[in-house]
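Trainee: I would like to see how this sequence folds:
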Amino acid sequence: MAKEKSRRAAAQPPRKPRTDALRNRERILDVAREVFSRAGASASLDEIARQAQVGAGTLYRHFPTRADLLKAVYRTEMEKLAAAQRRFADTLPPLEALRAWLLLFVEAIAAKQLIAPALKELVEDPKQIFEASYLQIQQAVSALVARAIQTGDLRPDTEPADLLRALVGVAHVTDTTEWQQSARRLVDILIAGSRPAH
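Mentor: A predicted model of the protein is given here:
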């Protein structure tokens, strides 16, 4: 009888997290992104819990270590960026969608600059995390560029990866936050330079 009961329990799919648990997790991630952006990746986890209005135990239940929290923040930011591609494609004309997405990409670079060094220190193989996220990003920008090429808004030889490399390059030429302003201006220059000649 006991064996049968445990077999039935094992066969059942795992229960979905409760709504309030999901809300707590999302709030922790939102606050962690803000706090890490302000104070760096060594920011106090207790402070993150306090600002997220959860107990320290709740934070550690979701993210047992600093590395777990940093990984989750990084993955979440990259997933949001990839998902924004579909939202922009559904609601904006091709060039506006590409521009809006590239501006978000600039913000994602800033987040990565803060989190990546800590991930490299705390995570055994951060390369896997970065590569999985980069694939998502590449697919997103490729879809937006392909749509703009199809409508004749961009030249057929526009390379999605070139747009990303140009923006990442600006982020590495200066240590000041001014690079973000340059990168935002560069978005318009890149799009204008990729337009077909009339």
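Trainee: all helices for the chain, in order.
Mentor: Ranges of helices within the chain are 2-11, 19-39, 45-51, 56-62, 66-91, 94-122, 126-150, 160-171, 178-193, based on DSSP state H.
Trainee: just send those helices back as TSV, with mean pLDDT and mean neighbour count too.
Mentor: No exception for glycine: its C-beta is placed from N, CA and C like everyone else's. Formatted as TSV, the helices of the chain follow (pLDDT from 0 to 100; neighbours: other C-beta atoms under 10 Å):
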stretch	mean pLDDT	mean neighbour count
helix 2-11	52	8
helix 19-39	87	16
helix 45-51	93	17
helix 56-62	93	15
helix 66-91	90	18
helix 94-122	84	18
helix 126-150	88	16
helix 160-171	91	16
helix 178-193	91	15
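Trainee: which residues touch the closest residue to residue 55 other than its chain neighbours?
Mentor: Spatial nearest neighbour of residue 55, excluding adjacent residues (C-beta to C-beta, 6 or more residues apart in numbering): residue 49 at 6.5 Å. Counting by C-beta atoms under 8 Å, 6 or more residues apart in numbering, residue 49 makes contact with 28, 55, 56, 58, 59.
Trainee: and residue 100, by the same measure?
Mentor: By C-beta under 8 Å, 6+ apart, the contact set of residue 100 is 84, 88, 92.
Trainee: next, count neighbours for residue 151.
Mentor: Neighbourhood size, residue 151 [other C-beta atoms under 10 Å]: 11.
Trainee: repeat that for the one 5 residues further on.
Mentor: Counted with other C-beta under 10 Å, residues neighbouring residue 156 total 8.
Trainee: do you know how far the closest residue to it other than its chain neighbours is from residue 33?
Mentor: Leaving aside its chain neighbours, residue 156 sits nearest to residue 149 (5.5 Å; criterion: C-beta to C-beta, 6+ apart). Applying C-beta to C-beta, to the nearest Å, the value for residue 149 to residue 33 is 33 Å.
Trainee: same question, residue 159
Mentor: In terms of C-beta to C-beta, residue 159 sits 30 Å off from residue 33.
Trainee: list the contacts of the residue lying closest to residue 111 once chain neighbours are set aside.
Mentor: Among residues not flanking residue 111 along the chain, residue 77 sits closest, at 5.1 Å (C-beta to C-beta, 6+ apart). Going by C-beta under 8 Å, 6+ apart, residue 77 touches 33, 108, 111, 112.
Trainee: switch to 7 Å and redo it
Mentor: By C-beta atoms under 7 Å, 6 or more residues apart in numbering, the contact set of residue 77 is 33, 108, 111.
Trainee: next one: residue 166
Mentor: Shown in contact with residue 166 (C-beta under 7 Å, 6+ apart): 186, 190.
Trainee: rewinding a little: any chance of the contacts of residue 49 in JSON lines with distance to residue 104 as columns?
Mentor: Converted to JSON lines, the contacts of residue 49 look like this (distance: C-beta to C-beta, whole Å):
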{"residue": "28", "distance to residue 104": "22"}
{"residue": "55", "distance to residue 104": "32"}
{"residue": "56", "distance to residue 104": "32"}
{"residue": "58", "distance to residue 104": "29"}
{"residue": "59", "distance to residue 104": "27"}
